[in-house]
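K.L.:
the sequence and its predicted three-dimensional model are supplied below.
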Amino acid sequence: MQEGRGKSRLVMNKFMPLTHTKDLFAKALKGKYALGAFNVNNMELIQAIIEACEEEKAPLILQISKGARQYANPVYLKKLIEAAVSVSNIPIAVHLDHGDTFELCKQCIDEGFTSVMIDASHEAFDKNVEITRKVVEYAHKFNCSVESELGHLVGAQFDEGEEGGAHSMSGHYTVPEEAVKFVRDSGCDSLAIAIGNSHGAYKFKGEQHLDLERLKLIKQALLDANLGDYPLVLHGASSVPKYLVDEINRYGGKMPDAQGVPEADIEVARRVGCTKVNIDTDLRMAMTAGIRKVFAEKPGEFDPRKFLGPARQMVKDLVRHKVKNVLCSAGHAFD
């Protein structure tokens, strides 16, 4: 185990160390695919994601939110990721999702995360820049990348649940000209944008879609400002597959109006330049569907292995589909 700044670091496998998102982004932009950023908070989720990406030879980002750290304990999560890295040969980055304070970001950088997100999007523009730049200045000392957010998504911003205190009922879209100024002033390495995406399982009603024209304008504005092929991030990008909604409802769930981002929209966003696509809700739904099915068909079952095993397989199948058919990152692990 390596030591850094007085605290234990995430173990680096001698065959495939933790990868930095900056390296992954450069390859993804060149190859016109998107990186799947999958949220984790327990062993079964990590196993399913790693196995799926290993089999599809897809690079990936494992995301840990503030809520996941509170639920699972950072030490447990660190050891689970160390185990995943030790048994895998694919590039894996570890990212803090929706860090809401400099202190939390600093703690994760000190623990060995290769990427952190500081989300001060709820603050005024100048304050958002100020907080982001503070994180950037610290993170870059240790070769850690920083993601920030401009615009405001609907939903549970800091993973506190659909009814959490940080649940927003309204949002505002990212303005292209502001995106250019924000990137220049803050120094962030990637930018999460708001183009109609939202957190949770109830993203849309009817036939709503992402504002893909706005996405194109943001990308072009960054290019015109000589900021290069700048990596953009799509949060709230779970598609809430109908088969999972149906499966959950069939076995006692109540998700009648759940609807996510159409996968066709995500494919266009990928081609335009959304280099990192966050997926969390779909993983939760796959695991819930698998557990509910076992409980409904075998109500006397009480061995966690017998219901968590099938749930893990459903998550794995979902991740394989995402990296192969939507993000098109399959086969790019060793670019």
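P.N.:
Here it is on my side, so go on. Numbering: from 1, shown residues only.

K.L.:
next SSE after the longest strand anywhere in the chain?
P.N.:
Identified as the longest strand of the chain according to DSSP state E is strand 92-99. Counting by DSSP states H and E, the next helix or strand C-terminal to strand 92-99 is helix 102-111.

K.L.:
for that following helix, which positions count as buried?
P.N.:
104-111 (16 or more other CB atoms under 10 Å). Where you see a C-beta, it was placed from the backbone N, CA and C, and this is true even at glycine.

K.L.:
can you lay out those residues as JSON lines showing distance to S65 and pLDDT?
P.N.:
JSON lines is the format used below for the buried residues of helix 102-111 (distance: CB to CB, whole Å; pLDDT from 0 to 100):
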{"residue": "L104", "distance to S65": "10", "pLDDT": "97"}
{"residue": "C105", "distance to S65": "13", "pLDDT": "97"}
{"residue": "K106", "distance to S65": "16", "pLDDT": "98"}
{"residue": "Q107", "distance to S65": "14", "pLDDT": "96"}
{"residue": "C108", "distance to S65": "11", "pLDDT": "96"}
{"residue": "I109", "distance to S65": "16", "pLDDT": "96"}
{"residue": "D110", "distance to S65": "18", "pLDDT": "96"}
{"residue": "E111", "distance to S65": "14", "pLDDT": "94"}
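
K.L.:
show me what contacts V326?
P.N.:
By CB atoms under 8 Å, 6 or more residues apart in numbering, V326 lies in contact with 239, 263, 266-267, 270, 277.

K.L.:
which of the residues you listed count as buried?
P.N.:
The buried subset of the contacts of V326 (16+ other CB under 10 Å) comprises 239, 263, 266, 270, 277.

K.L.:
related to what we said a few turns ago, quick one: the longest strand of the chain to helix 102-111, angle?
P.N.:
170 degrees (axes from the mean of the first three to the mean of the last three CA atoms, to 10 degrees).

K.L.:
quick one: strand 92-99 to chain centroid distance?
P.N.:
7 Å (CA atoms, centre = their mean, to the nearest Å).

K.L.:
which other helices and strands does that strand contact?
P.N.:
helix 21-31, strand 35-39, strand 60-65, helix 66-72, helix 74-86, helix 102-111, strand 115-118 (3 or more CB pairs under 8 Å, 6 or more residues apart in numbering; DSSP states H and E).
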